[in-house]
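# Could you work out the structure for the sequence below:
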Amino acid sequence: MRRYMLRFLLVAIVFTGVNAKADGLSFNELQLGEDVLEYYNGGFGGAGSGPGPALGISFTSGLIAVAGDVYGEPDGKAAELDSPEVIMNVLGGFSGLVQFYVLGGPIDVAFYDELDGLGNLVGTISSPGSDVVGETLPEFHSAVFSGTPGTTRIDPLLLGPPGGPLLLPEPSALLLLATGIGLVCILLRRKTQWNVVRMSRATSIPRTILGVALPLGIAIFSTIARADEIPLYRLLTEPNASISVGSLRFSNFGFFSTIFPDFPPGRPEEMVYYCENLPQAPFCEQTVASFQRNGDNGLGSNAGYESSSFIMMVFDVMSSVGLQGMTIAFDVEPVPKPGDPGDTFAAAYLFPSFNNGVSAGVEACTGEAECPDGDRFVSQTSFLAYNPQTGRMEPTLLSQAHVQVEVFIGDISLRGASASTITHWDITFAEVPEPGAGLLFTCAAGMTMLLTRRWLS
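All right, here's what the predicted structure looks like:
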């Protein structure tokens, strides 16, 4: 058992190590929503970031930095197309390996032997959606990136020598691969031990628990992840403000609240001035971040809502692979006991008039008025649309949705105000599974079984 546990740990460690970010264009140094422009040519981005490194690489307007990179780094960013076409010029020319992650697609890149997308076409890279792509190219001086504005995202953009190290699949896929290998090795080893050696129950049970708990513990530990936080007022005031996580992109934020007496005036420039001068004001401390729960991507927010409070946030969410449903969750401290006064809820809605006839509603709650059947802090639902052929509401798939989130703590049941505080809420979205993850797990399991049978023969 120890040998197999060590093999599993070594596999996980190797996968983690080789996925470290290589040198290249990470976009992390730019501000949210900032055009890249001349930053990697020793100049400045569209919002004044810089001077950047003098790599001789510049971009035409339309490639902006957005929150959420493939590595989940604090303050990590990706680059997103803000126009249908962006040209990258490489002043000194380049030949070798060009590669990057596609976090949202589709994308087409055409490489030319002259600046500004002129001259002869020398190579192409294309992907219909989330993927890791790369190509060894002859010398080129410009590349034309084409895709869907607001959806097509890449991170990082790496230029290296021919035959250089390749980018690996995303870390989540590697963890799935490692977990598959580890579990199959442990289970097969366990079976062999029973067939070859009579083990005492006192020895076998602890080993079984340890063998299964470690890989499952690693997987569970990764099911809830929180990224760097973005001030809410920036999402409400910055042009083209967005948050990206995985294949999702959130934009067009709106906010309403009854709980911030210091809430600033509605004009964007006044709100920015207010929060830059009073950063400790309760409203200005509100943040939003990309969030992941059980493999589903979404948004999370700090709260600090006390009785009585109500907030409503609206936003648009787009997916390059398709949305199936959503999950709402929130944290309350201290957790109300049965019979305690007060009610709380976090709810999310899709209204048919905004979502092509698709409706959905989900609520997590505490208190007798909102949750007569008992408290629930996590709740999920599927997206439904009316099917005229069957006359019923049936599950459907969306590429985008307009979502309304409501969070409340108060006294709906008229039994007294709640003494608790809502400290966090989050919303995540179930998407169509990518076939690559299942294929990785299946391949890992099959290869491990074959190798193990060979070792035991």
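# Any stretches of the stretch 251-400 of the chain with poor pLDDT?
262-266 (pLDDT under 70).
# Make sure I have this right: residue 235 is in a strand.
No: membership of residue 235 in a strand is not supported by DSSP: H, G, I helix; E, B strand; the rest coil, which gives helix.
# Pull the number of nearby residues for it.
The number of residues packed near residue 235 is 25, by other C-beta atoms under 10 Å. In short, each C-beta sits where N, CA and C put it, glycine included.
# Surely it touches residue 243?
Yes: with contact defined as C-beta atoms under 8 Å, residue 235 reaches residue 243; the gap is 7.4 Å.
# Touching both of these two, which residues are there?
residue 288 (C-beta atoms under 8 Å, 6 or more residues apart in numbering).
# Just the terminal-to-terminal distance for stretch 335-345.
13 Å (C-alpha to C-alpha, to the nearest Å).
# any idea how far it is from the chain center?
Centre-to-centre, stretch 335-345 and its host chain are 32 Å apart (C-alpha atoms, centre = their mean, to the nearest Å).
# Contacts for it next, please.
Residues contacting stretch 335-345 (C-beta under 8 Å, 6+ apart): 307, 330, 332, 363-371, 375, 406-413, 415-420, 422.
# Please produce a ChimeraX select command covering the buried subset of these.
In ChimeraX syntax, the buried subset of the contacts of stretch 335-345 is picked out as below (16 or more other C-beta atoms under 10 Å):
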select :307,330,332,363,364,365,366,367,368,369,370,371,375,406,407,408,409,410,411,412,418,420,422
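# Select from the contacts of stretch 335-345 every entry located in strands.
330, 332, 363, 364, 365, 366, 406, 407, 408, 409, 410, 422 (DSSP state E).
# distance of the fourth one from residue 422?
With distances taken as C-beta to C-beta, to the nearest Å, residue 364 is found 11 Å from residue 422.
# got any residues that touch both of the two?
330, 346.
# thinking again about what came up before, nearest to residue 314, of the ones in strands among the contacts of stretch 335-345?
Nearest to residue 314 out of those is residue 406 (C-beta to C-beta; 9.9 Å).
# Average pLDDT for stretch 231-244, rounded please.
Mean pLDDT, stretch 231-244: 87.
# First-to-last residue distance for that stretch?
Start-to-end, stretch 231-244 (C-alpha to C-alpha) is 15 Å.
# What are the buried residues along that stretch?
231-238, 240-244.
# I'd like those residues laid out as CSV, including distance to residue 36.
Shown next, in CSV, are the buried residues of stretch 231-244 (distance: C-beta to C-beta, whole Å):
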residue, distance to residue 36
231, 22
232, 25
233, 24
234, 19
235, 21
236, 24
237, 22
238, 16
240, 14
241, 17
242, 15
243, 18
244, 15
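# nearest to residue 355, of the ones in strands among the contacts of stretch 335-345?
When the ones in strands among the contacts of stretch 335-345 are compared against residue 355 (criterion: C-beta to C-beta), the nearest one is residue 406, at 16.5 Å.
# What pLDDT does the model give that closest one?
The confidence metric pLDDT takes the value 94 at residue 406.
# which ones are touching it?
By C-beta under 8 Å, 6+ apart, the contact set of residue 406 is 310, 311, 312, 345, 346, 347, 348, 349.
# And the strands in the stretch 101-250 of the chain?
107-112, 121-127, 131-147, 153-160, 224-231, 242-245, 248-257 (DSSP state E, counting those that start in this stretch).
# Okay, buried residues for stretch 348-364 please.
In stretch 348-364, counting by 16+ other C-beta under 10 Å, buried: 348, 349, 350, 354, 355, 358, 359, 360, 362, 363, 364.
# how about it as PDB, C-alpha atoms only?
These are the backbone C-alpha positions of stretch 348-364, laid out as PDB (Å, rounded to 0.1, in the frame of the first residue of the first chain):
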ATOM      1  CA  ALA A 348     -31.400  33.600  -7.700                       C
ATOM      2  CA  TYR A 349     -33.900  33.900 -10.600                       C
ATOM      3  CA  LEU A 350     -34.000  33.700 -14.400                       C
ATOM      4  CA  PHE A 351     -37.100  35.500 -15.700                       C
ATOM      5  CA  PRO A 352     -38.600  34.300 -19.000                       C
ATOM      6  CA  SER A 353     -38.900  37.800 -20.400                       C
ATOM      7  CA  PHE A 354     -35.100  38.300 -20.200                       C
ATOM      8  CA  ASN A 355     -34.000  34.800 -21.100                       C
ATOM      9  CA  ASN A 356     -35.900  33.700 -24.200                       C
ATOM     10  CA  GLY A 357     -38.700  32.100 -22.300                       C
ATOM     11  CA  VAL A 358     -36.400  30.200 -20.000                       C
ATOM     12  CA  SER A 359     -37.300  30.400 -16.300                       C
ATOM     13  CA  ALA A 360     -35.600  29.200 -13.100                       C
ATOM     14  CA  GLY A 361     -35.600  30.000  -9.400                       C
ATOM     15  CA  VAL A 362     -33.600  28.700  -6.500                       C
ATOM     16  CA  GLU A 363     -33.400  29.700  -2.800                       C
ATOM     17  CA  ALA A 364     -31.300  28.800   0.200                       C
END
